[in-house]
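Peer 1: 3D, please:
(4 chains)
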4 protein chains.
Amino acid sequence: MPDMQKTPDTRKIPISKVGVKDISYPIVVMDKNRKFQQTVARVNMYVDLPHHFKGTHMSRFIEILNAYREEIALDKMEPILQKMKEKLGASSAHLEIEFPYFIEKRAPVSGARSLMEYTCSFVGTLGEEFDFVLGVTVPVTSLCPCSKELSRYGAHNQRSAITVRVRYRDFIWIEDLVAMIEECGSSPVWSLLKREDEKFVTERAYENPKFVEDIVRETTQKLLAEEAITWFSVEAENYESIHKHSAYAAIERDKRNKQ
Amino acid sequence: MPDMQKTPDTRKIPISKVGVKDISYPIVVMDKNRKFQQTVARVNMYVDLPHHFKGTHMSRFIEILNAYREEIALDKMEPILQKMKEKLGASSAHLEIEFPYFIEKRAPVSGARSLMEYTCSFVGTLGEEFDFVLGVTVPVTSLCPCSKELSRYGAHNQRSAITVRVRYRDFIWIEDLVAMIEECGSSPVWSLLKREDEKFVTERAYENPKFVEDIVRETTQKLLAEEAITWFSVEAENYESIHKHSAYAAIERDKRNKQ
Amino acid sequence: MPDMQKTPDTRKIPISKVGVKDISYPIVVMDKNRKFQQTVARVNMYVDLPHHFKGTHMSRFIEILNAYREEIALDKMEPILQKMKEKLGASSAHLEIEFPYFIEKRAPVSGARSLMEYTCSFVGTLGEEFDFVLGVTVPVTSLCPCSKELSRYGAHNQRSAITVRVRYRDFIWIEDLVAMIEECGSSPVWSLLKREDEKFVTERAYENPKFVEDIVRETTQKLLAEEAITWFSVEAENYESIHKHSAYAAIERDKRNKQ
Amino acid sequence: MPDMQKTPDTRKIPISKVGVKDISYPIVVMDKNRKFQQTVARVNMYVDLPHHFKGTHMSRFIEILNAYREEIALDKMEPILQKMKEKLGASSAHLEIEFPYFIEKRAPVSGARSLMEYTCSFVGTLGEEFDFVLGVTVPVTSLCPCSKELSRYGAHNQRSAITVRVRYRDFIWIEDLVAMIEECGSSPVWSLLKREDEKFVTERAYENPKFVEDIVRETTQKLLAEEAITWFSVEAENYESIHKHSAYAAIERDKRNKQ
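Peer 2: Model prediction:
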């Protein structure tokens, strides 16, 4: 059978990313407390394509994904990228994995256990060197300092999402990164709160008002203090309870560039 | 050219809905204050198909849509449905239109003007008779009565969405339906709030705590009291600020069945 | 601590559904070939609320969900609903679970193995009786008979989604339902196709053209012939390759109503 | 009333982007054929915040948006950004607008008129200099060269989306950019096609097979040849008819960097 993808291309236009996108796939992720966690990821896999080839072989991406199916996603990022480069004759490979990750939390007063979901991502690139970015989105409550200050009682508050992406020197557990970030809103959130917990969360948020600007700054302070982390970006989005739109703030810092 | 859709089908299976889905289209909607409003809708158009025909003529749906393009969407629901029945030889036709609708509001204290967006829908069916349902989704703030009662200060609150669908005997303006529904949360929301408005909204929500159950019940009370309305459904969803999930409640009432 | 939810309500308005919505949760599903499959679901849990109670206890829904966490989702639908009725003092309970489900398939010629994802749902209601609906969405290829007939060569084709919901008398495996539905498009689809498979799929679709109307009718024929099934609905959506909108068709049949 | 946003912040952390996100808003866009087109946009507005200020004034973003409401979106990008800098005391401002845009097209054989929707975007940044990026997503049909070559008849094809972003020296109409891009798939698509048009589109796509790689390369060739354009990125996504996932390719080129 003819292999059209291998036919030469004369347009002299290299392609920076070509591959497969939006594959839903079961994966295994390391879990700090329970060793492993099975979840379902959305996967994108790309390579570069030199100008002289007409096409890449899309089925090979799926073959590689299948070959590593039962193994730990994080450990296999670099081997998968290496395999992508080999099998597709590419000089760089790119792999994006996004998945829901569950952590059992205990409610702050009652101690009632429940599962919280955090959207996480692994993004790896292998050219000359291996580059890896861990991402996590953490829901929190934010309570508006301005509203609290102005009002005789109460203060508007809302669900917020803090999205952090990090490059690191030493391995960091998702659980530890989440725990660090959850302290940067007005209060963490839980799936299960009994009455005594709801009182606690309400009062804590009221005692701890934060603008969206405060949220990204506090997260930045924590991430600057964490030695293992070499680069990061922080975004916070407040789904304002008094508006139909969001308040948003973002900061990015590369610690490697310092001095 | 052959017309395959007209060829006979022997499977004896009539189809209840067949047509085109998810067409994006500019439309004109009546505006209580400015006469007309141009917006962009998502449109679905279906007819029934008797068992003896192989297929319907999809392009005719688009031709009909184009023919009524510059005209008022609401006035043309029944004529469009009638045309769908005629052109497609159907005994029933169904038309769904969903669109963002903008109302200028004045902030409660400063009077500052801004536009709020409400997602609205027109759903019409024409078989023997014409049936029409008007839908509108209204964002509000909800403040938790339990959290207020339990806590020494503050109370968790969040953005909520109240979705109402109505059948009516006499015409109702979207503006009037929205105004009615907006009173059923702890406070309406605005796009633009100055400091004095933010104080007002915060205090008003605190003085006016509502469970998701209260929201659907108050909306029900208002809709029961509105004589022009003959049937309705109400849904409320609170995007809980202390959880990652929503609280939800729903009620449906047919006043025509009462005697 | 006060229990505000239990306080009496005098508005005389019962609520048909109240509860928690859009909880992301890991679940275990029975797998025909591998016994069990772990996946991640989106869950909604509702009960009715009599007119004389002010509110329901939202945290109890999550407690119930946690209690059944390691168990088989399908087996536990009725026990979970029973528990919801008990713990929340309700006369009816409603549980909706939607999840990606993976089936290993072999490519039609090469036999290459890969995983396909199907979106599935369990919807259960327990009032006087237990009602259960199994749902599955199956991607297929559809090739237009009209385009084939008119054109000297080629025919437009596209990805389609067939969504089937069934009530059944005897248990049906998701795998068997999927296999039945996959035959109703112009060709099934796979995650991994080698060149010989791509030839097979292309030719098979060309030999087997189907309108969206044909797809729902053939699926209806299969579901009518399956004795275990007592009620069903079928929807097909073709993401037209020659348009930006979809073609759509739907049929619903209740076999229990027959004579 | 106190102005908390103006209070000093001692954390020494400047914020690169802070503002409002996901505001739905009606806008006016220039239309090559009909002068103006009213549509509905999703808007994000951000400024930078120096380290010494605690917060920005979110309501001012909305005031600025309101002030320019009836005017042409494109003409007002720079004035709006200038106003954002002034009113918020910022050294840089960023404005993102995404909207559906409609172009009337005539079917290729019958000449039947219909409207096609294209998702467009304006992204402007004003620091020392004004930077502007125009974006447009164009749906096309793609037909697989490999499938055509291998198969005795037929070839799998599908809807694709080509997303182009450009910086330009001289003004470019959306209509002209769309026309250029539409030629880069196997065939353009239309909302309304009569039988003779469907034949034409089917045959044209079959005569004109393209890999996702070919699509981004041809688009690149066109954009390189267009002198007015100084920078561009191209992405193509094929919603594969024989898979549940997409094929994807991307290229970016800065012509200003050439010697």
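
Peer 1: tell me if the helix or strand encompassing A:Ser121 is near chain B.
Peer 2: Per DSSP states H and E: A:Ser121 is located in strand A:113-126. Yes. Using C-beta under 8 Å from any C-beta of the partner chain, strand A:113-126 reaches chain B at A:116-117. C-betas here are computed from N, CA, C, even on glycine.

Peer 1: now the helix or strand encompassing A:Met45: mean pLDDT?
Peer 2: Following DSSP H and E, one finds A:Met45 within strand A:35-49. For strand A:35-49, mean pLDDT is 96.

Peer 1: please put the alpha-carbon coordinates of the helix or strand following the strand holding A:Ser121 into CSV.
Peer 2: With elements assigned by DSSP H and E, the helix or strand that comes after strand A:113-126 is strand A:130-143. C-alpha atoms of strand A:130-143 as CSV (Å, rounded to 0.1, in the frame of the first residue of the first chain):
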residue,chain,number,x,y,z
PHE,A,130,12.9,17.7,28.5
ASP,A,131,10.6,20.4,29.8
PHE,A,132,7.7,19.7,32.1
VAL,A,133,4.9,21.8,33.5
LEU,A,134,2.5,20.7,36.2
GLY,A,135,-0.8,22.5,36.4
VAL,A,136,-3.6,22.5,39.0
THR,A,137,-6.8,24.4,39.3
VAL,A,138,-8.0,24.8,42.9
PRO,A,139,-11.5,26.1,43.8
VAL,A,140,-11.7,28.4,46.8
THR,A,141,-14.0,31.0,48.3
SER,A,142,-13.1,34.7,47.9
LEU,A,143,-14.7,37.4,50.0
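
Peer 1: check whether strand A:130-143 comes near chain C.
Peer 2: No. Residues of strand A:130-143 are not located near chain C by C-beta under 8 Å from any C-beta, the shortest gap being 10.9 Å.

Peer 1: note down every partner strand of that strand and its orientation.
Peer 2: Sheet pairing for strand A:130-143, assigned by DSSP bridges, gives strand A:113-126 (antiparallel), strand A:157-168 (antiparallel), strand A:187-188 (antiparallel).

Peer 1: next secondary structure after the shortest one?
Peer 2: Going back to what we said before, that points to strand A:187-188. For strand A:187-188, the following helix or strand on the C-terminal side (DSSP H and E) is helix A:195-207.

Peer 1: residues of chain A that sit close to chain C?
Peer 2: Within chain A, the positions adjacent to chain C are A:1, A:3, A:23-26, A:37-40, A:59, A:62-63, A:66, A:69, A:100, A:102, A:112-115, A:117, A:191-196, A:199 by C-beta under 8 Å from any C-beta.

Peer 1: report the buried members of those residues.
Peer 2: Buried members of the residues of chain A next to chain C, counted by 16 or more other C-beta atoms under 10 Å in any protein chain shown: A:23-26, A:37, A:39-40, A:59, A:62-63, A:66, A:69, A:100, A:102, A:112, A:114-115, A:117, A:191-196, A:199.

Peer 1: where in chain A is pLDDT low?
Peer 2: Counting by pLDDT under 70, the ranges of chain A that qualify are A:258-259.

Peer 1: try it again with 90
Peer 2: A:1-11, A:69-73, A:256-259 (pLDDT under 90).

Peer 1: gap between A:Gln95 and A:Leu81?
Peer 2: Small correction: residue A:95 is Leu, not Gln. 6 Å (C-beta to C-beta, to the nearest Å).

Peer 1: what touches both of the two?
Peer 2: Common neighbours of A:Leu95 and A:Leu81, counting by C-beta atoms under 8 Å, 6 or more residues apart in numbering or on different chains, are A:124-125.

Peer 1: partner strands of the strand holding A:Met45, with direction?
Peer 2: Sheet pairing of strand A:35-49 (DSSP bridges) gives strand A:15-31 (antiparallel), strand A:93-106 (antiparallel).

Peer 1: and the strands paired with strand A:130-143, which is most packed in?
Peer 2: Per-stretch averages of neighbours, counted by mean count of other C-beta atoms under 10 Å in any protein chain shown, single out strand A:187-188 among these, with a mean of 24.

Peer 1: what's next to it, contact-wise?
Peer 2: Counting by C-beta under 8 Å, 6+ apart, A:105, A:140-141, A:143, A:182, A:201, A:204-205, A:208, B:242 sit against strand A:187-188.

Peer 1: determine which two of those residues are furthest apart.
Peer 2: A:Lys105 and A:Leu143 (20.2 Å; C-beta to C-beta).

Peer 1: more neighbours, those two?
Peer 2: Remark: of A:Lys105 and A:Leu143, A:Leu143 carries more neighbours, 30 against 19, as counted by other C-beta atoms under 10 Å in any protein chain shown.

Peer 1: which ones are touching the more buried one?
Peer 2: A:155-157, A:186-187, A:205-206, A:208-210, B:154.

Peer 1: who wins for neighbours among the residues you listed?
Peer 2: Using other C-beta under 10 Å as the neighbour test, the contacts of A:Leu143 are led by A:Asn157, with 33 neighbours.

Peer 1: you'd agree that one is up against A:Ser241?
Peer 2: Yes. Here A:Asn157 reaches A:Ser241: they are 6.5 Å apart, a contact under C-beta atoms under 8 Å.

Peer 1: list the residues that contact both of those two?
Peer 2: In contact with both A:Asn157 and A:Ser241: B:157-158, B:241, using C-beta under 8 Å, 6+ apart.

Peer 1: for B:Ile15, state which of these is nearest.
Peer 2: Nearest to B:Ile15 among the shared contacts of A:Asn157 and A:Ser241: B:Gln158, at 42.7 Å, using C-beta to C-beta.

Peer 1: so that closest one bridges to which residues?
Peer 2: As assigned using DSSP bridges, the partners bridged with B:Gln158 are B:Ser142.

Peer 1: same question for the one 10 residues further on.
Peer 2: Counting by DSSP bridges, B:Tyr168 is bridged to B:Ile229.

Peer 1: for it, give its distance to A:Val133.
Peer 2: Separation of B:Tyr168 from A:Val133 (C-beta to C-beta): 54 Å.

Peer 1: same check, this time on A:Ile27
Peer 2: Separation of A:Ile27 from A:Val133 (C-beta to C-beta): 17 Å.

Peer 1: what sits closest to A:Val43 if chain neighbours are left out?
Peer 2: In this structure, A:Val43 finds its nearest non-sequential neighbour in A:Ile23, 4.5 Å apart by C-beta to C-beta, 6 or more residues apart in numbering or on different chains.

Peer 1: I'd guessed the one you found sits against A:Asn66; true?
Peer 2: No. A:Ile23 lies out of contact with A:Asn66 (C-beta under 8 Å); the separation is 10.6 Å.

Peer 1: identify the contacts common to the two.
Peer 2: With C-beta under 8 Å, 6+ apart as the test, A:Ile23 and A:Asn66 reach no residue in common.

Peer 1: for the stretch 151-259 of chain A, what lies in contact range of chain B?
Peer 2: Counting by C-beta under 8 Å from any C-beta, the stretch 151-259 of chain A sits next to chain B at A:151-159, A:187, A:189-191, A:193, A:195, A:198-199, A:201-203, A:205-206, A:239-245.

Peer 1: at 7 Å instead, please
Peer 2: A:151-159, A:189, A:191, A:193, A:195, A:198-199, A:201-203, A:205-206, A:239-244 (C-beta under 7 Å from any C-beta of the partner chain).

Peer 1: A:Arg106 and chain B, how far apart?
Peer 2: The spacing between A:Arg106 and chain B, counted by C-beta to the nearest C-beta, to the nearest Å, is 15 Å.

Peer 1: from C:Leu88, how far out is the nearest residue to that residue once chain neighbours are set aside?
Peer 2: Distances taken as C-beta to C-beta, 6+ apart put A:Arg113 closest to A:Arg106, at 5.5 Å, once the chain neighbours are dropped. Noted for A:Arg113: a distance of 20 Å to C:Leu88, by C-beta to C-beta.

Peer 1: A:Thr219 reaches A:Met180, doesn't it?
Peer 2: No. In this structure A:Thr219 lies outside contact range of A:Met180 using C-beta atoms under 7 Å: 8.1 Å.
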